[in-house]
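Q: just coords:
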């Protein structure tokens with residue numbers, strides 16, 4: 001299995017279903033509570049203009065504690081974001097994914113927690129954007145889009161005025177900067193963008209693409225990961241994206257693959273040298289999509 005780069009397998013039948021259901025409940029509860037806390041945080045900042053850092057720490061601490069011991073939380077955090085309370089769910093998801101990416105990159109636990117917190121606060125500047133613009137059920141006008149593009153600077157100002165935390169402030173400012181210089185607000189590029197901001201950028205783009213909003217339908221996970229891979233050649237840090245893919249792609253093993261010729265099969269093995277062309281079992285035979293270039297996976301389902 002190691003020679004085939006299979007990191008883990010699911011073992012069926014070793015845990016009673018009742019126990020499995022019980023263990024997932026606290027995870028969802030902690031996640032939902034964090035979303036409520038972000039909602040309150042945004043409202044407080046709208047009123048006072050500043051952040052109470054102790055409240056931020058209190059709301060994120062239970063999640064960070066779980067992250068260190070509970071691997072099943074990954075499946076909860078990497079699910080799609082609904083259109084209801086999108087901004088708040090998005091912040092929790094980005095903070096959570098950022099934490100895991102940092103951990104997968106082998107960073108010290110303290111740095112992982114700091115980056116998770118920065119991801120949690122990355123969009124706090126949106127509290128200065130009118131809700132009519134943020135929640136508009138359609139595409140933004142040029143003027144409205146210009147307003148939204150100010151949220152990184154607003155976030156930087158809010159965090160600088162409230163907290164002694166340069167990392168969170170810089171991530172709020174830089175999470176829309178891009179490796180090729182095409183981002184905003186300053187168009188910096190490459191390693192001019194700090195690593196934490198490059199990690200949060202990947203989590204931010206991922207979360208935005210899997211969301212379900214009035215003007216944007218949810219894209220299936222494989223399509224989203226393909227897009228992240230494409231962006232790693234221009235806008236996103238390729239090293240960060242590679243780590244994210246390395247830990248995400250094994251989730252497809254055992255899932256049903258819908259092929260471009262109409263056939264369905266089961267994903268058996270992911271090729272690390274070609275993430276999106278795995279080995280698929282179809283009706284008792286094996287199709288290696290790395291070899292069969294005339295076929296591709298159109299969708300994956302449970």
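A: It's in. What you see is a predicted model; the values in this text were computed from it and never measured.
Q: CA atoms for contacts and neighbours, from now on please.
A: Will do.
Q: Next, count neighbours for the nearest residue to residue 234 once chain neighbours are set aside.
A: In space, and not counting its chain neighbours, residue 234 is closest to residue 180: 5.7 Å by CA to CA, 6 or more residues apart in numbering. Number of residues near residue 180 (other CA atoms under 10 Å) recorded here: 15.
Q: so residue 180 touches residue 193, yeah?
A: No - judged on CA atoms under 8 Å, residue 180 makes no contact with residue 193 at a distance of 10.7 Å.
Q: For the residue positioned nearest the centre of the chain, list the residues it contacts.
A: By CA atoms, centre = their mean, the chain has its centre lying nearest to residue 203, at 3.5 Å. Going by CA atoms under 8 Å, 6 or more residues apart in numbering, residue 203 touches 94, 95, 97, 98.
Q: Then residue 168?
A: 114, 115, 117, 118, 119, 121, 122, 159.
Q: Just the pLDDT at it, thanks.
A: Per-residue pLDDT puts residue 168 at 97.
Q: Show me how the record splits the chain into domains.
A: Recorded structural domains for the chain (assignment: automatic domain parsing) are 17-250, 253-302.
Q: Just say which of those is most tucked in.
A: domain 17-250 (a mean of 18; mean count of other CA atoms under 10 Å).
Q: hmm, back to that, and the domains of the chain, which one's lowest on average pLDDT?
A: domain 17-250 (a mean of 87).
Q: Residue 30 and residue 95: what is the separation?
A: 14 Å (CA to CA, to the nearest Å).
Q: returning to that earlier point: can I get the contacts of residue 168 in CSV with distance to residue 168 and secondary structure?
A: Shown next, in CSV, are those (distance: CA to CA, whole Å; DSSP: H, G, I helix; E, B strand; the rest coil):
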residue, distance to residue 168, secondary structure
114, 8, helix
115, 8, helix
117, 7, helix
118, 4, helix
119, 8, helix
121, 7, coil
122, 7, coil
159, 7, helix
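Q: all strands for the chain, in order.
A: In the chain, the segments counted as strands under DSSP state E are 256-259, 264-271, 274-282, 285-288, 297-301.
Q: The fourth one pairs with which strands, parallel or anti?
A: Strand 285-288 has its sheet partners listed here by DSSP bridges as strand 274-282 (antiparallel).
Q: ok and the strand it pairs with relative to strand 297-301, angle-wise?
A: 70 degrees (axes from the mean of the first three to the mean of the last three CA atoms, to 10 degrees).
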